[in-house]
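Colleague: just need the structure, nothing else, for what follows:
(2 chains)
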Protein chains: 2
Amino acid sequence: MPADQASVRRANLSLVLRHLREHGPRSRAAVAAGTGLNKTTVTSLVAELQARGLVREGGPQHEGAVGRPGLALALRGSTVAALGVEVNVDYIASFATDLGGRILIDRRLSFDAMGSSPEHTLAHLAGVIKDAAGDLDGLGVTLAGITIAVPGLVDVGRGRVGVAPNLGWHDVPIVGHLRRSGLPEVPITVDNDANLAALAEYTSGVAAGTPDLVCLTGEVGVGGGIITGGRLLGGADGFAGEVGHIMVDPAGERCGCGRVGCWETKVGLAELVRAVTPGHAYRTHLRDPEERLAEIEQRLDAGDPRAAGAVAEVARWLGRGAAILVNLLNPRVIVLGGYFARLAGLLIPLAAAELGRVGMSDPARRCRFAASDLGFGAASRGAAGVVVERVLSDPTTVPIRAAPPLHQPHGRR
Amino acid sequence: MPADQASVRRANLSLVLRHLREHGPRSRAAVAAGTGLNKTTVTSLVAELQARGLVREGGPQHEGAVGRPGLALALRGSTVAALGVEVNVDYIASFATDLGGRILIDRRLSFDAMGSSPEHTLAHLAGVIKDAAGDLDGLGVTLAGITIAVPGLVDVGRGRVGVAPNLGWHDVPIVGHLRRSGLPEVPITVDNDANLAALAEYTSGVAAGTPDLVCLTGEVGVGGGIITGGRLLGGADGFAGEVGHIMVDPAGERCGCGRVGCWETKVGLAELVRAVTPGHAYRTHLRDPEERLAEIEQRLDAGDPRAAGAVAEVARWLGRGAAILVNLLNPRVIVLGGYFARLAGLLIPLAAAELGRVGMSDPARRCRFAASDLGFGAASRGAAGVVVERVLSDPTTVPIRAAPPLHQPHGRR
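Modeller: Numbering: from 1, shown residues only, chains lettered A, B, ... in the order given. This is a model prediction of the structure:
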């Protein structure tokens, strides 16, 4: 098949699959009418989608269908899974859904990436992926692809992490490395954690559908994902949104990255932990961020003035950094992820006041903070979403599992 | 004509006009073949474009045409003019081109907008526009529209300036005001100066065609226009790119806007003038920016250490602010406009070194500074470009000047 004919076929497979996903079960005739494709083409496309396990026949007829019902086709969403995995400073998160959006895996394991070599972290990551793949296999679903979220600058095309300061990674060819670890033979890609979290927020979070938003990850590092005009802002190399190392205070403290006064040194989780519990420096006591937050919340509940002061200081700097984002990008919503979301009730009023004071008044007035409800799983959820999107855009990435079934024309039933 | 039929007609008029602009003089048959429209439709569209004075018949046949030449059609670019006007702190600039891109007006007049009331400035602006319209009339071209560039937050849809800090404007309904000033009855729009300058740089400047660039205006105020993925980044309200009032130094000086440590207080022209010639505060001695720069350059040439130190300090803060843009937006080029371009030879090496020190290394390494060659006219040039684009997108905005000529079919010549 010539290249252009193959790409037309891919586009039409995608069209039929998205149509069934959006409109629910319906007959071939209804698919043909709804997509503008002719019936012969639809029949051939459906046969291929069935062979790839993406569409099934005999689903319940869609309500409101008129006339003699044909054999209804439906998205076989439950047979294909998308896996997203996030490596962060102190945990590895996995999230898997089927094509219908059902959540199959949503877990987070503590892991000290900061204190581990890249090789050790990658070996551990490969183990987490194998476990997830095994679980999906046990559920009888086919893994369609894997996307890895990393808090750093990612060369998406080459599958490499350029630099991930908080992981201590420099030029790590993560996809090539995982390929050699005996993982399932499916497409593997890597992307920036905050960009993936922003996609998750845009598709299914508290600001879903807002075309201009910024998503901030609140971890040890602080990343940003920018959606502008309904699209992810990548920049020339996909490196955009690196908010954590913006210099907000030339007279500030030295950051882990070697620079001075980075935003992260004001609002990162490590800084908050240090300020609330000076005896417990972040590196020396490995714990999950949820545990650390529980301790901070306990102290806040107990009226510890040091804890309250530290949170207020974070809120003030959150507002100041947000003012930069608002002046430059004019977003409608700034979604607070990670630990920011957990402390949102305390952070947002103070941060909003500071944003109003420091930001340009018109865009600041029209922008609100919103606490993410996706928790620490936003990036892995967004990563799984990228895989789902890839399958919907190119169903041929899912292998053929059976010979295409012979189609029974309606007249011969 | 029903609304949708009218919009199809507009789109087809636009298609034919752009086709002739891009491909040069050619026959109706060639236009039909090149656009996919049928010949009868092309004949009708061409008749309307001729009546609007946008297309003429009998131009030289395009080289390389084969077969019996038809009557060649050509863009009548020289009969329609687009006018862009920029109001800034110490000047009003006008720029006019015809549709073919020939420059008809390019001038800048000193004007103390800072020391004038909005009413006085608007009256002066109306006078400048009337003069330009008179000159265009004298050249025998039809004015198709006017776009005004303003250094502030603009509500494009309502034709209002929300706030222009350096002009002292708050909520000025500029388009409505100009409409009542007896100007030509053509479409008038208003937009942010830096956004318009960015469009000019993207279409015809030193970084023309670079899909990810930031353009900085270097005036008393510092504005930013952001092109990302080949599109102007507007944000939710069109307010994006307000770089001048980003707080870069919490311990810095108070800005004219009332905030502290704005980038403008470090790199704006007023700050440089103050640092080089402390006796000549900006407001007290009205002069054109070119004159001020000539004085600064003279002192630099004479080896004045105060001038050299002041320029070095501006360069350092230019690099620091650029690091914010680079971390957030990952542009390939930062175009320096206005006075930055005039001093680029001194500013760029120091600013680039500071960007390398403060910015994330991967995006910083892949981003370069470039001096604009559009001078102080970039925003007015971009404004004229917006008018040209509007005519090309909707030729019906140019009035019909004559009854459509009867078309002579080729066979009857």
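Colleague: which one of the residues in the stretch 301-413 of chain A is closest to chain B?
Modeller: The nearest approach of the stretch 301-413 of chain A to chain B comes at A:N330, 2.5 Å away (CB to the nearest CB). Where C-beta positions appear, they are placed from N, C-alpha and C, glycine not excepted.
Colleague: these two touch, right, that residue and B:A236?
Modeller: Yes: at 5.3 Å, A:N330 counts as touching B:A236 under the criterion of CB atoms under 8 Å.
Colleague: which strands and helices sit next to the helix or strand A:R56 falls within?
Modeller: Assessed by DSSP states H and E, A:R56 sits inside strand A:55-57. For strand A:55-57, the packing partners by 3 or more CB pairs under 8 Å, 6 or more residues apart in numbering or on different chains; DSSP states H and E come out as helix A:3-23, helix A:39-51, strand A:72-75.
Colleague: doesn't A:R108 fall inside a strand?
Modeller: Yes: per DSSP: H, G, I helix; E, B strand; the rest coil, A:R108 lies within a strand segment.
Colleague: so, in contact with chain B or not, stretch A:147-159?
Modeller: Yes: using CB under 8 Å from any CB of the partner chain, stretch A:147-159 comes into contact with chain B via A:L153.
Colleague: biggest helix in chain A by residues?
Modeller: The longest helix of chain A (DSSP state H) is helix A:305-329.
Colleague: tell me the buried residues in it?
Modeller: Buried residues in helix A:305-329, defined by neighbour count with 16 or more other CB atoms under 10 Å in any protein chain shown: A:307, A:310-311, A:313-329.
Colleague: returning to that earlier point: deepest in the core, which of the helices and strands packed on strand A:55-57 is it.
Modeller: Greatest average neighbour count among these goes to strand A:72-75 (a mean of 22), per mean count of other CB atoms under 10 Å in any protein chain shown.
Colleague: and that strand, what does it pack against?
Modeller: helix A:3-23, strand A:26-27, strand A:55-57.
Colleague: how far does the helix or strand following that strand sit from the chain's center?
Modeller: Downstream of strand A:72-75, the first helix or strand assigned by DSSP H and E is strand A:80-87. What separates the centre of strand A:80-87 from the centre of its chain is 9 Å, taken as CA atoms, centre = their mean, to the nearest Å.
Colleague: for the strand holding A:R56, give me every contacting residue.
Modeller: For strand A:55-57, the external contacting residues (CB atoms under 8 Å, 6 or more residues apart in numbering or on different chains) are A:16-17, A:20, A:46, A:49-50, A:71-76, A:405.
Colleague: and that strand, which strands flank it?
Modeller: Strand pairing for strand A:55-57, using DSSP bridges, gives strand A:72-75 (antiparallel).
Colleague: dump the strand it pairs with to CSV, keeping only the CA atoms.
Modeller: Once non-C-alpha atoms are left out, strand A:72-75 reads as follows in CSV (Å, rounded to 0.1, in the frame of the first residue of the first chain):
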residue,chain,number,x,y,z
ALA,A,72,-24.8,-2.4,16.6
LEU,A,73,-21.1,-1.7,16.8
ALA,A,74,-19.4,-0.5,20.0
LEU,A,75,-16.0,0.6,21.1
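Colleague: one step back: with pLDDT as extra columns, can I get the contacts of strand A:55-57 in CSV?
Modeller: Listed next are those as CSV, based on pLDDT from 0 to 100:
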residue, pLDDT
A:V16, 94
A:L17, 93
A:L20, 91
A:V46, 94
A:L49, 94
A:Q50, 92
A:L71, 74
A:A72, 87
A:L73, 89
A:A74, 87
A:L75, 86
A:R76, 84
A:P405, 52
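Colleague: just the CA coordinates of stretch A:148-157, formatted as PDB?
Modeller: Presented in PDB, the C-alpha positions along stretch A:148-157 are these (Å, rounded to 0.1, in the frame of the first residue of the first chain):
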ATOM      1  CA  ILE A 148       6.800   7.900  31.200                       C
ATOM      2  CA  ALA A 149       6.500  11.300  33.000                       C
ATOM      3  CA  VAL A 150       9.800  12.800  34.300                       C
ATOM      4  CA  PRO A 151      10.400  16.100  36.200                       C
ATOM      5  CA  GLY A 152      12.900  17.600  33.800                       C
ATOM      6  CA  LEU A 153      13.700  18.700  30.200                       C
ATOM      7  CA  VAL A 154      12.800  16.000  27.800                       C
ATOM      8  CA  ASP A 155      13.800  15.400  24.200                       C
ATOM      9  CA  VAL A 156      10.500  13.700  23.300                       C
ATOM     10  CA  GLY A 157      11.600  12.800  19.800                       C
END
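Colleague: which neighbours do A:N330 and B:A236 share?
Modeller: Shared contacts of A:N330 and B:A236, counting by CB under 8 Å, 6+ apart, come down to A:D212, A:P363, A:R366, A:C367.
Colleague: could you dump those to JSON lines with distance to B:D106, secondary structure and pLDDT?
Modeller: Shown next, in JSON lines, are the shared contacts of A:N330 and B:A236 (distance: CB to CB, whole Å; DSSP: H, G, I helix; E, B strand; the rest coil; pLDDT from 0 to 100):
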{"residue": "A:D212", "distance to B:D106": "35", "secondary structure": "coil", "pLDDT": "97"}
{"residue": "A:P363", "distance to B:D106": "33", "secondary structure": "helix", "pLDDT": "95"}
{"residue": "A:R366", "distance to B:D106": "37", "secondary structure": "coil", "pLDDT": "96"}
{"residue": "A:C367", "distance to B:D106": "38", "secondary structure": "coil", "pLDDT": "98"}
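Colleague: nearest to chain B: which residue in the stretch 1-150 of chain A?
Modeller: A:V150 (13.7 Å).
Colleague: what helix or strand is A:A96 on?
Modeller: Per DSSP H and E, A:A96 falls inside strand A:91-98.
Colleague: got the buried residues for that strand?
Modeller: In strand A:91-98, counting by 16+ other CB under 10 Å, buried: A:Y91, A:I92, A:A93, A:S94, A:F95, A:A96, A:T97, A:D98.
Colleague: pull the most distant pair out of these.
Modeller: A:Y91 and A:D98 (24.0 Å; CB to CB).
Colleague: near whichever residue of the stretch 101-250 of chain A sits closest to chain B, how many other residues are there?
Modeller: Proximity of the stretch 101-250 of chain A to chain B (CB to the nearest CB) peaks at A:G235, 2.5 Å away. Close neighbours of A:G235, defined as other CB atoms under 10 Å in any protein chain shown, add up to 24.
Colleague: tell me the mean pLDDT over the strand holding A:R56?
Modeller: Averaging pLDDT along strand A:55-57 yields 89.
Colleague: could you do stretch A:174-186 as well?
Modeller: Here stretch A:174-186 scores 92 as its mean pLDDT.
Colleague: next, format the helices and strands packed on strand A:72-75 as CSV and append distance to A:N192.
Modeller: Converted to CSV, those look like this (distance: least, CB to CB, whole Å):
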stretch, distance to A:N192
helix A:3-23, 25
strand A:26-27, 38
strand A:55-57, 33
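Colleague: spell out which residues of the stretch 51-200 of chain A are next to chain B.
Modeller: Counting by CB under 8 Å from any CB, the stretch 51-200 of chain A sits next to chain B at A:L153, A:G162, A:V163.
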